[in-house]
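Asker: pasting the sequence and the predicted coordinates here, then a few questions.
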Amino acid sequence: MRWALVKVCLAVTAMVVVAFAVPLGLVVQEMASDRAFSNAERQAATIGPTLSITTDPVQLRKAVESTQMGAARRMAVHVPAIGADAPVEIGGGWAGEHAVAETRRIGRATTASVAGGGSALLQPTALGSGDIAVVEIYVPESEVSNGVATAWLVLAGVGLALIVGSVAVADRLGARLVRPAERLADAAHQLGEGRLGARVPEAGPKELRSAAVAFNAMADQVVQLLANERELAADLSHRLRTPLTVLRLNTASLGDGPAAEQTRSAVEQLEREVDTIIRTAREQRPATALAGAGSGAGAGAGAGCDASEVIRDRMAFWSALAEDEGREVRLAGVDRTVRIPVARPELAAALDAMLGNVFRHTPEGTPFAVDVHDAGDAVIVLVSDAGPGIADPDAALRRGNDGGRDGSTGLGLDIVRRVAESTGGDLRLGRSVLGGTEVRVWIGLDGRTRGGPDGGRGRRGRRGSRRSRGARA
């Protein structure tokens, strides 16, 4: 569309230039010719008073030579025979006898072409005897076309400037029309690829502004729908996983017997079914949704949350079960606002995964702690317990990620790892100060991956498997 507009403006401007410049050039050429012959007529008129007084050849020659044209040998006088006097010819003449005779006959000025180039003006002048003399002025071609070439060059330059200017203006106008459309198409491609932060500036012509508004509203709706889906998945895990954990813990106190085995088998079957539902819901979610929500690239409304507030909320949920099992709980660093670029449902799901592991894999009465630290360019969330710890973190992470064992969906610390890495952070496993397992989550605030040039792998190598994939899932 941009080049089509340029071509149209080029064609229109060229036609306008031709329509005006060519006639104007012809007018200039005609004016130059008129100027040259008008000057010749004035020069011819200067010899008129002398001819009205005398036709003496000597006097006429002196009068002719005293004029500008005569001195330049561009004037000739043709006096006819008067009575017994012979005809008088002053100057050689250029038009010929026939042209002179024709001018005498019609009695008005005429022009004739000269064989060697140029023109001759023949001006009839009445004599005292009533006869008609003819004054001939030679007009060279250089005077007839004087200034015409310059005028044509000026007109050509002006026309070229108009054409270039119109093309430039058309190109700018075309860019103004095309760029919003290109931005809209690019944003549509980005949204199709899963980059949910793609938005279009509402600029340009009215129609394209309306299209941009509609696209942005559609993108916001898509983000909202995906957020609702994440909330539903998180709510499913909150509502089902925790009661299942309680049931699994309670079945351990049933002792032996057919009824107890049937109950434990039913709980395991129910847990597998719930895991299948959660896995299916997670697989249906676009792989780029988490990255779009946490990358900071315009993730849409609700992309960030207050980590302290979410931790307090989830600990209020888990505290009832902790009280029933006699677990001592310690919270630190949650008394102030700590903003992180993670959606609230994502952080809540990650916290539930870590806390669920504590209740599932440590004995009743085992204390645990949740700490939050603001490190400036990152927020660190620590979940530590006084349990037996993890003998082989790498093996536990692999089992949690591949979903190959019963009761494992890969949703444990794999959720935590995805949340951390979506912000440029990472996940670490280690030994806590309480003597058990410590899960340390780095949540980046500036979008840069923590660690050295290897993207944090060196630090993870020093502390075991840092990019955890779902320990105790």
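Answerer: It's in.
Asker: please count neighbours and contacts with C-alpha atoms only from this point.
Answerer: Noted.
Asker: dihedrals phi and psi, residue 37?
Answerer: phi -70, psi -30 (degrees, to the nearest 10).
Asker: hang on, isn't it packed against residue 140?
Answerer: No: counting by C-alpha atoms under 8 Å, residue 140 is not a contact partner of residue 37; they are 10.3 Å apart.
Asker: when these two are compared, which one has more neighbours?
Answerer: residue 37 (20 against 16; other C-alpha atoms under 10 Å).
Asker: against residue 326, how distant is the more buried one?
Answerer: 123 Å (C-alpha to C-alpha, to the nearest Å).
Asker: ok, now residue 101?
Answerer: Residue 101 is 141 Å from residue 326, by C-alpha to C-alpha.
Asker: repeat for residue 352
Answerer: Distance from residue 352 to residue 326, by C-alpha to C-alpha: 19 Å.
Asker: out of those two, which sits in the more crowded spot?
Answerer: A count of neighbours by other C-alpha under 10 Å puts residue 352 above the other of residue 352 and residue 326, at 26 against 13.
Asker: that's a helix at the more buried one, yeah?
Answerer: Yes: assessed by DSSP: H, G, I helix; E, B strand; the rest coil, residue 352 belongs to a helix.
Asker: that one contacts residue 313, doesn't it?
Answerer: No: with contact defined as C-alpha under 8 Å, residue 352 and residue 313 do not form a contacting pair (11.0 Å).
Asker: which residues in the stretch 101-250 of the chain form helices?
Answerer: Ranges of helices within the stretch 101-250 of the chain are 141-144, 148-192, 206-251, based on DSSP state H, counting those that start in this stretch.
Asker: pull out the buried residues from the shortest one.
Answerer: If you call a residue buried by 16 or more other C-alpha atoms under 10 Å, then helix 141-144 has these buried ones: 143-144.
Asker: and for it, what's in contact with it?
Answerer: Helix 141-144 is contacted by residues 32-37, 117-119 when judged by C-alpha atoms under 8 Å, 6 or more residues apart in numbering.
Asker: the same query, at a cut-off of 6 Å, please.
Answerer: 32-33, 36, 118 (C-alpha atoms under 6 Å, 6 or more residues apart in numbering).
Asker: burial count for residue 38?
Answerer: Residue 38: 13 neighbours (other C-alpha under 10 Å).
Asker: confirm it sits in a helix?
Answerer: Yes: assigned with three-state DSSP, residue 38 falls within a helix.
Asker: and of the contacts of helix 141-144, the nearest to residue 414?
Answerer: Residue 414 has its nearest neighbour among those in residue 32, at 91.6 Å by C-alpha to C-alpha.
Asker: identify the residues contacting the closest one.
Answerer: residue 144.
Asker: can you add mean pLDDT and give the helices of the stretch 101-250 of the chain back as a markdown table?
Answerer: Listed next are the helices of the stretch 101-250 of the chain as a markdown table, based on pLDDT from 0 to 100:
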| stretch | mean pLDDT |
| --- | --- |
| helix 141-144 | 85 |
| helix 148-192 | 85 |
| helix 206-251 | 77 |
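Asker: separation between residue 111 and residue 104?
Answerer: Distance from residue 111 to residue 104, by C-alpha to C-alpha: 13 Å.
Asker: the chain: strands as residue ranges?
Answerer: 75-79, 88-90, 110-113, 119-126, 132-139, 305-306, 329-332, 339-340, 368-374, 378-385, 426-431, 437-444 (DSSP state E).
Asker: tell me the angle the fifth one makes with strand 119-126.
Answerer: Right, the one you point to is strand 132-139. 160 degrees (axes from the mean of the first three to the mean of the last three C-alpha atoms, to 10 degrees).
Asker: again with the first one
Answerer: Compare the direction of strand 75-79 with that of strand 119-126 by the same axes, to 10 degrees and you get 40 degrees.
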